[in-house]
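Chemist: 3D model of this:
(chains A and B)
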Amino acid sequence: MMQTTRRGVLGAAGAALVAPRLASAQAQARTLRFVPQANLSNIDPVWSTAVVVRNHGLMIYDTLYGLGADFQPKPQMAAGHEISDEGRRWTITLRPGLRFHDGAPVLARDCVASIARWAKRDVLGQRLDGLLDGMRAIDDTHFEIRMKRAWPGLAFALGKPSANICAIMPERVAQTDPFQQIQDFTGSGPFRFLRDEFRAGDRVHYAKFDGYESRNEPTDFLAGGKPVHFDRVEWRVMPDPSTAAAALQNNEVDWWETPLPDLLPLLRRNRDIVVDLVNDAGNLGVLRFNFLHPPFDNPAVRRAILPALDQRAFMDAAVGTDPEMSRVPAGAFTPGMPLANEAGLEVLSGPRNLAAAQRALRESGYAGQRVAMLSGTDIPVLQNLSVVAADLLARIGFNVDLQAMDWGTHIQRRTNRGPVEQGGWSAFCTTWEGFDVSVPGSHQPIRGHGAAAWAGWPTIPRLEELREAWFEAPDLAAEKRIAEEMQRVVWQEVPFIPLGQVLPRMAYRRSITGVVKGGPALFWGVRQA
Amino acid sequence: MFAYIVRRVLATIPVMAIVALFVFSLLYIAPGDPAAVIAGDQATPDDVERIRASLGLDRPYLVRFGAWVWDIANGDLGVSIFTNLPVSTMIQQRIEPTLSLMIVTLILAVSIAVPMGVMAAWRQGTWIDRAVMGFAVLGFSVPVFVVGYVLAYIFALELDWLPVQGYTPLSRGFWPWFENLILPSVALGSVYIALIARITRATMLEVLQQDYIRTARAKGLNQSGILFLHALKNAAVPIITVIGLGIALLIGGAVVTESVFAIPGLGRLTVDAILRRDYPVIQGVVLLFSFIYVLVNLAIDLAYTLFDPRIRY
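Modeler: Residues are numbered from 1 along each chain as shown, chains lettered A, B, ... in the order given. This is a model prediction of the structure:
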């Protein structure tokens, strides 16, 4: 008969206490705990343009093409394509072995349906929709896209990372009305979305998809191999930045996507934490004007601001004085990207001259109309940009009315096309994801198609002509020439003023390594150190 | 008594109806458009309109209100505009953390504040009284989120005794559940402790002047018997009233506490829904909070009869 001793009981109690911690540590080693930039409020990357939804989409869906670190499109799910009929017919071949998360093979008809749904919502997709002459599956692994005109940028559009991504879904899912959310989250990417564990505003869990057929190539941003080294990825939504910082320091999470600039010095002091520039496309700050009503319906009034606008002041207010956190001067296209250029940039990079701006405003015919500047107070970067802009406009001589509101009100108020007296607006500040404003095709602030344009509704036919020319540009050199010309038009017509490039940092524990750089947080390639 | 309870429960129906009308109307006239939020920066006006139509937001006020009331009458709180999940499911997912936080806070606050108030009254004018009152002033003055950050810094980051954030369901064990609630409950309870301690002290001071207390002393009863059996029982009615009213304070404080400690409760759900203009979720949660508040008040009214036999319903 076994004897119960005091030592035995103590040993067993100790083991019972330690065992769960050991099991927890082992589970932790196989799980990546990540704090996303925002709550995943919905789960359909074609229905929503939210960046966090795009990031979720990149996990569970694969794309036909993916951008490499050089921002050029490369085949991803596609094995390749043939272009015929003077560029109007693309025949795309799928890689063998591709599977959806339910085990079904990815077929050409799935891709056709996915592209068709995406083309109704995405800005470049809508371009394809307008050009489309027909699209059909030839067989299970080949499909063709016929266009009325050649479009060399089709692979870029199908592989771009800016929202909305062209996520490949099963045909039955992709047949959902593009203006309704999908209900079936069977994906094609390297991670499976665990819907049963999803708690909106709290946790989003993913499991490695064992049936994912990664390309047998090195990881190249959104192209190449997508090897997964964790069994699970758990997103933990934390609305409070201080809590997220404390959780990272306390080893309760591994990776925080968007630490506040104010907290970076604290995190840098911790030897277990790396503060890193992962997304070097960053975000472009933008001061936007309403073209429909005085005073900004007058180009001379808009131009009057340029001599006094100091991008450095805006960036310091937005993300602090650390020069690594932002980049100036910034032109109309994302600095550091292929189409960024210096054309006419001296209007913003030369010596600042408040007196010249005041003089230009006096000569513009400005009659003291009230300038309603909208400020979204729940997004600190935008609020800070708005405050600096309001101060600048007031010093130049505008009659500024800075109106603070939450983001939900702000975004609705912007849709009001009436004059200020009827609840309209005059100007606001925002940021655009660097990828969006890196090329004319997805660059909304640079568009000039009037009533259909982004809030502000400028009518600038020359910008639209140049955008059309960009779509048909045969090579990068031609694209660059067009981008330079567009930037010159921006300084003349001033549909917006770039305020500088924000270069947000990510913070992660040294226990992980291999974070893929170039854009948003990606979960392939990253592994336990 | 039973008839009274039935009457009170039935009385909640018009109260809830008024709350429903108020919340719906308030959201209708409030600025903000979920369709614009969903559509995002790149959307064209046509996109926003199509989304608005698909959500039924383009229908007239009365049609929308009627449809919503009809759904509620049929036990359906609607579907979240953003997550597409039923509101009842979202509430079900979030109610456990909030209830846990409130219950632990309530137990903690009452078990600390009442003895503190009694001690302060008993030792009126001494350093104990001044210390209790000083603590009460501090509890009222320091915001919940500051207390939360300070506690997290000391007990999680510096001492590594407790987790900084998160919530573990009770089904995964008592200690994992409780350790996540200690810091938030202390933070949330600080104002509550201050409130109850002050009221307990004030009421006890009044009761301790009564003749029957002098009689009890003259009979030779010991001090704790006098304080906790005779005085506290007679001081209980105002204290219970404050505890009941304080539930509203807890609901409000839970919003902040849940954000600071990343607890996925109803408070955070409400804030997220308000910021995004997720109307069905806001309406559902506010209705639920109103219902809880009405029930708590009923429970408080019934509790009076336990402490004061003169009260009859």
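Chemist: Stretch A:123-134 near chain B anywhere?
Modeler: Yes - with C-beta under 8 Å from any C-beta of the partner chain as the measure, stretch A:123-134 is seen reaching chain B through A:Val123. Using the backbone N, CA and C atoms, a C-beta is placed for each residue, glycine as well.
Chemist: Give me the nearest residue to A:Gly187, chain neighbours excluded.
Modeler: A:Ile60 (3.4 Å; C-beta to C-beta, 6 or more residues apart in numbering or on different chains).
Chemist: which intervals of the chain have sub-threshold pLDDT?
Modeler: Chain wasn't specified; assuming chain A. Within chain A, the stretches with pLDDT under 70 are A:1-29.
Chemist: wait, chain B
Modeler: Applying pLDDT under 70 to chain B picks out residues B:40-44, B:313.
Chemist: ranges for the strands of it?
Modeler: Along chain B, counting by DSSP state E, no stretch forms strands.
Chemist: ok, the nearest residue to B:Leu205 once chain neighbours are set aside - contacts?
Modeler: Leaving aside its sequence neighbours, B:Leu205 sits nearest to B:Ala121 (C-beta to C-beta, 6+ apart; 4.8 Å). For B:Ala121, the contact set (C-beta atoms under 8 Å, 6 or more residues apart in numbering or on different chains) comprises B:129, B:200-202, B:204-205, B:208.
Chemist: Keep only those of the residues you listed that are in helices.
Modeler: Among the contacts of B:Ala121, the residues falling in helices (DSSP state H) are B:129, B:200-202, B:204-205, B:208.
Chemist: and of those, the nearest to B:Val110?
Modeler: B:Thr200 (9.7 Å; C-beta to C-beta).
Chemist: measure the closest residue to the closest one other than its chain neighbours to B:Val137 for me?
Modeler: With C-beta to C-beta, 6+ apart as the criterion, B:Thr200 has its nearest non-adjacent residue at 2.5 Å, and that residue is B:Gly117. Computed as C-beta to C-beta, to the nearest Å, the B:Gly117 to B:Val137 distance reads 14 Å.
Chemist: ok, back up a step: what about the residue nearest to B:Leu205, distance to chain A?
Modeler: Applying C-beta to the nearest C-beta, to the nearest Å, the value for B:Ala121 to chain A is 38 Å.
Chemist: Phi, psi for the residue of the stretch 201-313 of chain B found nearest chain A please.
Modeler: Nearest to chain A in the stretch 201-313 of chain B, going by C-beta to the nearest C-beta, is B:Pro264, at a distance of 3.3 Å. Phi and psi for B:Pro264, reported as degrees, to the nearest 10, are phi -80, psi 70.
Chemist: what's the neighbour count on it?
Modeler: Using other C-beta atoms under 10 Å in any protein chain shown, B:Pro264 has 22 other residues around it.
Chemist: pretty sure it contacts A:Arg203?
Modeler: Yes - counting by C-beta atoms under 8 Å, A:Arg203 is a contact partner of B:Pro264 at 7.2 Å.
Chemist: Now for those two: what residues contact both?
Modeler: Both B:Pro264 and A:Arg203 are contacted by A:Val237, under the criterion C-beta under 8 Å, 6+ apart.
Chemist: Can you pull the residues of the stretch 401-529 of chain A lying near chain B?
Modeler: Residues of the stretch 401-529 of chain A lying near chain B (C-beta under 8 Å from any C-beta): A:405-409, A:411-415, A:430, A:432, A:436, A:442, A:444, A:451-452, A:454.
Chemist: 10 Å instead?
Modeler: Counting by C-beta under 10 Å from any C-beta of the partner chain, the stretch 401-529 of chain A comes close to chain B at A:405-417, A:423, A:430-433, A:436, A:442, A:444-445, A:449, A:451-455, A:457.
Chemist: Can you select the buried ones among the residues you listed for me in ChimeraX?
Modeler: Buried members of those can be picked out in ChimeraX with the line below, counting by 16 or more other C-beta atoms under 10 Å in any protein chain shown:
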select /A:405,406,407,408,409,410,411,412,413,414,415,417,430,431,432,433,436,442,444,445,449,453,454,455,457
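Chemist: Identify the spatial nearest neighbour of residue 198, chain neighbours not counted.
Modeler: Just so you know, I chose chain A. Counting by C-beta to C-beta, 6+ apart, the residue nearest A:Phe198 is A:Val204, at 5.7 Å.
Chemist: Chain B is the one I meant
Modeler: Closest residue to B:Arg198 apart from its sequence neighbours, by C-beta to C-beta, 6+ apart: B:Ala136 at 4.9 Å.
Chemist: so that neighbour sits right up against B:Ala113, yeah?
Modeler: Yes - the criterion here is C-beta atoms under 10 Å, and B:Ala136 meets it with B:Ala113 at 8.8 Å.
Chemist: More neighbours: these two, which one.
Modeler: Taking other C-beta under 10 Å, B:Ala136 and B:Ala113 do not tie; B:Ala113 has more neighbours (29 against 24).
Chemist: contacting residues for that one?
Modeler: B:Ala113 sits next to B:132, B:135-136, B:139, B:189, B:192-201, B:239, B:242-243, B:246 when contact means C-beta atoms under 10 Å, 6 or more residues apart in numbering or on different chains.
Chemist: if we go to 6 Å?
Modeler: B:Ala113 makes contacts with B:193, B:196-197, as judged by C-beta atoms under 6 Å, 6 or more residues apart in numbering or on different chains.
Chemist: How about A:Ala244?
Modeler: Contact analysis of A:Ala244 by C-beta under 6 Å, 6+ apart lists A:35, A:238, A:256.
Chemist: which one of the residues you listed sits closest to chain B?
Modeler: Compare each of the contacts of A:Ala244 with chain B using C-beta to the nearest C-beta and the shortest gap goes to A:Met238, at 4.5 Å.
Chemist: so the closest one makes contact with A:Pro36?
Modeler: No - if you go by C-beta atoms under 6 Å, A:Met238 and A:Pro36 don't touch, sitting 8.8 Å apart.
Chemist: of these two, who's got more company?
Modeler: Shown here are A:Met238 and A:Pro36; by other C-beta under 10 Å, A:Met238 has more neighbours (27 against 22).
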